[in-house]
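Enquirer: Structure for the following, please:
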Amino acid sequence: MKRSVLALWGPFLAALGVIFWLSSLSDIPAARHVWDKLLHVVGYAGLGVLALRAFHGGLARPRPVPTALAGIAVVLWGISDEIHQHFVPGRDASGLDVLADAIGFLVGVAATAAWVAWREASVRLKALP
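Expert: Just a heads-up that it's a prediction; the model follows:
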């Protein structure tokens, strides 16, 4: 069954909106208790999964071209997020945050690949007599 464009791209675009909103805040309470780079890795891993889902037309084994396009989109968003934060009182821009975002995307790729492999193996096991 083919998924609609909104079903595929809506969650990814909504996540971009949430990141923009969080970047607009002068203070993020969670950042007081958790290492900032860990928040970037976890957040961008989730964003990466949503980007992969959108660019692949669903959760599928990561293929080179859609994965590269998703990665470019996520890293460019990370860069624009840091530029945005530069203008928010109490926030600053950091290249290390962009690096953490890129690492987060790679974590999302690994998680997606593992999930798809597990799902495929599970289907094969169920098909055994």
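Enquirer: ok, and what's touching stretch 93-106?
Expert: 36-38, 40-48, 51, 70-71, 74-75, 77-79, 81-83, 85-86 (C-beta atoms under 8 Å, 6 or more residues apart in numbering). C-beta coordinates here come from the backbone N, C-alpha and C atoms, glycine included.
Enquirer: Give me the distance between that stretch and the centre of its chain.
Expert: Chain-centre distance of stretch 93-106: 11 Å, with C-alpha atoms, centre = their mean, to the nearest Å.
Enquirer: go on, stretch 89-102?
Expert: Centroid displacement of stretch 89-102 relative to its chain, using C-alpha atoms, centre = their mean, is 15 Å.
Enquirer: Quote the end-to-end distance of that stretch.
Expert: Start-to-end span of stretch 89-102 (C-alpha to C-alpha, to the nearest Å) is 25 Å.
Enquirer: What segments of this protein are helices?
Expert: Secondary structure of the chain by DSSP state H: the helices cover 5-24, 36-56, 64-86, 95-127.
Enquirer: got any ranges where this structure has weak pLDDT?
Expert: The chain contains residues with pLDDT under 70 at 1-2.
Enquirer: that older thread, give me the buried subset of the contacts of stretch 93-106.
Expert: 37, 40-41, 43-48, 51, 70-71, 74-75, 77-79, 81-82, 85 (16 or more other C-beta atoms under 10 Å).
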